[in-house]
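Visitor: can you look at this prediction? I've put the sequence above it.
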Amino acid sequence: MPELPEVETVRTLIAPHVRDRRIVGVTVGAFTGVVESPLPANPVSLLTGATILDVQRRGKYLIFQLDTGLWMTVHLRMTGRLIVCRTGDPAIRFEHIAFHLDSGEDIRFGDQRKFGRVTLLDEDHVASLESRLGPEPFDPDLTGPVLHPRLARRTGSIKGALLDQRLIAGLGNIYVDEALWRAKIHPLQTANRIDEETLARLLDAIRSVLGSAIEHQGTTFSSFENPYGEAGGNARFLKVYGRSKTDGTCDRCGGQLQRMVVAGRGTTLCPTCQRIDPSQIPGDDFDSANDVGPGLQMQGGKRR
């Protein structure tokens with residue numbers, strides 16, 4: 001699933017093509033559910049003729065500001081892509097909607113699994129979306145002491161907490177695993193038992209792995225492409241995610257990487273670098289019968 005670095009890559013590359021460009025037409029394919037709106041009017045009619053003033057990112061959302069006072073959000077979800085091409089070019093794979101610009105270019109949205117959405121919102125609905133998202137990871141006001149009370153009632157795993165967009169916006173499975181490895185925190189660590197100093201280290205790790213991924217234009221394993229149809233280059237810089245089935249060794253200690261399921265998601269970690277006391281594991285968040293660290297095993301989903 002595209003996460004913050006992938007969405008930021010799309011925003012950066014697509015902005016010069018759409019800024020101050022008028023949408024002269026919109027073509028919707030057979031999957032009409034790709035475009036939606038809580039507003040009473042037909043969203044396609046409201047989009048046609050509007051000028052895109054700017055494109056921003058909030059968490060995993062792209063937000064296009066229109067001169068009509070409305071906003072168009074694009075959520076790529078799992079397999080969504082925004083591609084720049086010339087008007088009249090053949091359709092891209094799994095194309096569902098095309099925005100024809102006055103420059104002679106199109107912005108095409110394709111999505112194999114049909115989970116992605118284009119949504120037209122007014123100011124109130126944009127504010128509602130904003131209220132559902134936590135702070136941005138690079139917000140300088142987000143610190144260990146600020147994050148600590150936000151985790152006070154989180155009795156589940158730290159990985160599950162970080163995947164919740166209400167805590168910090170934009171994180172997903174890839175970069176949570178990477179950040180936890182960098183910060184030497186076990187994914188199963190109970191969220192509200194982590195002290196402020198450790199949380200500060202975790203925030204530094206989050207910013208580091210996200211910054212690297214943005215620099216390398218995102219991570220591609222299967223479907224992510226930038227607006228020019230190119231794969232992201234960050235996969236070769238990952239330290240744990242996706243590596244338990246390849247070389248499987250930790251770059252830091254040389255130990256064997258391990259895969260388990262945490263918070264319903266496939267998770268890779270180094271049980272040597274990311275040690276955990278068994279008492280720190282929330283029982284309702286463990287979903288694996290694998291070893292989770294030296295001297296600690298699970299059997300039938302229970303600690304023993």
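Guide: Now that the structure is in, tell me what you want to look at.
Visitor: what about the helices in the protein?
Guide: With DSSP state H, the ranges of helices along the chain come out as 4-18, 43-47, 123-131, 144-150, 158-163, 173-183, 196-215.
Visitor: closest one to Arg86 among those?
Guide: helix 4-18 (11.1 Å; CB to CB). Every residue, glycine included, has its C-beta placed from N, CA and C.
Visitor: mind checking how far the closest one is from the chain centre?
Guide: 14 Å (CA atoms, centre = their mean, to the nearest Å).
Visitor: quick check: mean pLDDT across it?
Guide: When pLDDT is averaged over helix 4-18, the result is 98.
Visitor: so that helix versus helix 196-215, what angle?
Guide: Helix 4-18 and helix 196-215 are oriented at 40 degrees to each other (axes from the mean of the first three to the mean of the last three CA atoms, to 10 degrees).
Visitor: domain ranges for this structure?
Guide: Annotated domains of the chain cover 4-131, 144-303 [automatic domain parsing].
Visitor: tell me, how many residues neighbour the nearest residue to Val118 once chain neighbours are set aside?
Guide: Of all residues not flanking Val118 in the chain, Val35 sits nearest, at 4.6 Å (CB to CB, 6 or more residues apart in numbering). Applying other CB atoms under 10 Å, we find 20 residues neighbouring Val35.
Visitor: can you give me the strands for the protein?
Guide: 21-28, 35-36, 51-58, 61-66, 71-75, 80-86, 95-101, 105-111, 117-121, 258-262, 265-269, 298-299, 302-303 (DSSP state E).
Visitor: sheet partners, orientation included, of the third one?
Guide: Partners of strand 51-58 in the sheet, by DSSP bridges, are strand 21-28 (antiparallel), strand 61-66 (antiparallel).
Visitor: looking at these, which is buried most?
Guide: strand 61-66 (a mean of 21; mean count of other CB atoms under 10 Å).
Visitor: just the angle between that one and helix 123-131, please?
Guide: Using the same axes, to 10 degrees: strand 61-66 against helix 123-131 is 160 degrees.
Visitor: so which of the domains of the chain gets nearest Phe138?
Guide: domain 144-303 (6.2 Å).
Visitor: quick one: mean pLDDT for the closest one?
Guide: On average, domain 144-303 scores 87.
Visitor: any buried residues in stretch 244-258, and which?
Guide: Within stretch 244-258, the residues scored as buried using 16 or more other CB atoms under 10 Å are Ser244, Cys250, Leu257, Gln258.
Visitor: which residue, other than its chain neighbours, is closest to the second one?
Guide: Spelled out, that is Cys250. Per CB to CB, 6+ apart, closest to Cys250 is Cys270, 4.0 Å.
Visitor: neighbours around the one you found, how many?
Guide: 26.
Visitor: does it touch Gly255 like I think?
Guide: Yes. Counting by CB atoms under 8 Å, Gly255 is a contact partner of Cys270 at 5.6 Å.
Visitor: okay, now the unreliable bits of the stretch 1-150 of the chain?
Guide: Scanning the stretch 1-150 of the chain for pLDDT under 70 picks out no residues.
Visitor: list the residues that contact the nearest residue to Val18 once chain neighbours are set aside.
Guide: Of all residues beyond its chain neighbours, the one nearest Val18 is Ile52 (4.6 Å), with distances taken as CB to CB, 6+ apart. Ile52 makes contact with Val18, Arg19, Asp20, Arg21, Arg22, Ile23, Phe64, Gln65, Leu66, Asp67, according to CB atoms under 8 Å, 6 or more residues apart in numbering.
Visitor: nearest to Gly266, of the residues you listed?
Guide: Phe64 (32.8 Å).
Visitor: burial of the closest residue to the closest one other than its chain neighbours, as a residue count?
Guide: Closest residue to Phe64 apart from its sequence neighbours, by CB to CB, 6+ apart: Met72 at 4.2 Å. Residues lying near Met72 (other CB under 10 Å) number 23.
Visitor: my read: Met72 touches Asp122, true?
Guide: No. Taking contacts as CB under 8 Å, Met72 lies outside contact range of Asp122: 11.2 Å.
Visitor: circling back to that earlier point, dihedrals phi and psi, the residue nearest to Cys250?
Guide: Dihedral pair for Cys270: phi -110, psi 110, per degrees, to the nearest 10.
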